[in-house]
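Enquirer: Need coordinates for the following:
(one chain, ligands or ions: 1)
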Amino acid sequence: MKLLFIGDIVGRPGRDLVKVGIPALVAHHGIDVVIANGENAAAGFGITRDIGEQLFALGIDVLTSGNHIWDKKEVLDYIPLEPRLLRPANYPAGTPGAGAVLVTAGNGVRVGVVNVMGRVFLANIDDPFTTAAREVARLKAEGAAIVFVDVHAEVTSEKIAMGWYLDGQATAVVGTHTHVQTADARVLPQGTAYLTDVGMTGPHDGVIGVEKNAVIGKFLNALPTRFETATGDPRLHGVVITADPATGRASAIERLSLTADELAALAAAVRATAS
Ligand SMILES: [Fe+2]
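Expert: Sure thing, here's the model as predicted:
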């Protein structure tokens, strides 16, 4: 079976990309389940109920997140009602929402999704390693044939360590948060597909999704600055993971980096094949 994971959807440019991109990629690759990180979907900061519902309606099965999940206050009311929207599982006990979920893919396979957040240069929360291992084991015990882990973290070493730590336990461990796609996709020896960072689905002419002059100014003078989402060079970043539900092991991981024009061409090609 095939799993599509889409890197951090940033603002309207990111949402426009997935609107065209998801149906085209699902048809082209024969995707069975779609997961995306949505923590920057609302103008780069957080997610709202309206935007969450729009993204689920496009065919996203689970939305993961990270440190920006709480940016829009209304998420505190939304997340307890929407089990498909995850926050990192290693937030302290009592935090609203959940960090793992079990869903049924289009082909009937039960898929577990776990979201954890790193601690290095990020947030002083519970241990992501033991939390991830515990949640992966729990979802498998509850019937998950495939388990996907989004490790939302700043540093490459913490994410690579997580990949090795979960090798043979999770079907895939893929990093998010830096918004820069790394080139180290591989299947680890015990069958876990791994990528340090999947990248960003949004405007690539800025600084990790933000209008570049504001960020340059911030580095030059350290004054308080209002960050706006950039607009140019929209590009979808993601991975397609091939896995065997009988074993829970991955056999392939393919990186995607597609411009809006390339996605539109793919959508047209899919339509032409279907008609
Ligand atoms: Fe983040």
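
Enquirer: Can you list the low-confidence ranges for the stretch 51-200 of the chain?
Expert: Scanning the stretch 51-200 of the chain for pLDDT under 70 picks out no residues.

Enquirer: Run through the residues of the stretch 101-250 of the chain sitting next to the ion.
Expert: Within the stretch 101-250 of the chain, the residues that sit near the ion (CB under 5 Å from the ion) are H177. Placement of C-beta: from N, CA and C, glycine included.

Enquirer: And the helices in the stretch 101-250 of the chain?
Expert: 128-141, 156-165, 212-221 (DSSP state H, counting those that start in this stretch).

Enquirer: Export those helices to CSV and append columns for mean neighbour count.
Expert: Formatted as CSV, the helices of the stretch 101-250 of the chain follow (neighbours: other CB atoms under 10 Å):
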stretch, mean neighbour count
helix 128-141, 19
helix 156-165, 19
helix 212-221, 12
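
Enquirer: would you list the ones you listed in JSON lines and tack on distance to G232?
Expert: Converted to JSON lines, the helices of the stretch 101-250 of the chain look like this (distance: least, CB to CB, whole Å):
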{"stretch": "helix 128-141", "distance to G232": "34"}
{"stretch": "helix 156-165", "distance to G232": "27"}
{"stretch": "helix 212-221", "distance to G232": "9"}
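
Enquirer: Relative to K72, which of these is closest?
Expert: Nearest of these to K72, taken as CB to CB: helix 212-221 at 20.2 Å.

Enquirer: any idea which helix or strand carries A264?
Expert: Taking DSSP states H and E as the criterion, A264 maps to helix 260-274.

Enquirer: pull the CA atoms of that helix into CSV?
Expert: Taking Å, rounded to 0.1, in the frame of the first residue of the first chain, the C-alpha atoms of helix 260-274 are listed here in CSV:
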residue,chain,number,x,y,z
ALA,A,260,2.2,24.6,-8.7
ASP,A,261,2.7,24.3,-12.5
GLU,A,262,4.0,20.8,-12.2
LEU,A,263,1.0,19.8,-10.0
ALA,A,264,-1.4,21.4,-12.5
ALA,A,265,0.2,19.4,-15.3
LEU,A,266,0.0,16.2,-13.3
ALA,A,267,-3.7,17.0,-12.6
ALA,A,268,-4.4,17.5,-16.3
ALA,A,269,-2.5,14.3,-17.2
VAL,A,270,-4.6,12.3,-14.6
ARG,A,271,-7.8,13.8,-16.0
ALA,A,272,-6.8,12.9,-19.6
THR,A,273,-6.0,9.3,-18.5
ALA,A,274,-9.4,9.0,-16.7
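
Enquirer: if we look at the sheet, which residues does the spatially most central residue of the chain bridge to?
Expert: Geometric centre of the chain, nearest residue: N37, 3.0 Å, by CA atoms, centre = their mean. Per DSSP bridges, the residues bridged to N37 are T64.

Enquirer: now for the helix holding A264, which elements pack on it?
Expert: helix 11-29, strand 234-244 (3 or more CB pairs under 8 Å, 6 or more residues apart in numbering; DSSP states H and E).

Enquirer: quick check, distance from the shortest one to the centre of its chain.
Expert: Average the C-alpha atoms of strand 234-244, do the same for its chain, and the two points are 10 Å apart (CA atoms, centre = their mean, to the nearest Å).

Enquirer: same for that strand, what does it pack against?
Expert: strand 2-6, helix 11-29, strand 172-176, strand 193-195, strand 200-203, strand 249-259, helix 260-274.

Enquirer: what angle do the longest one and helix 260-274 make?
Expert: For helix 11-29 against helix 260-274, the angle between stretch directions is 30 degrees (axes from the mean of the first three to the mean of the last three CA atoms, to 10 degrees).

Enquirer: list the buried ones in helix 11-29?
Expert: Neighbour-count burial for helix 11-29, counted by 16 or more other CB atoms under 10 Å, picks out 11-18, 20-27, 29.
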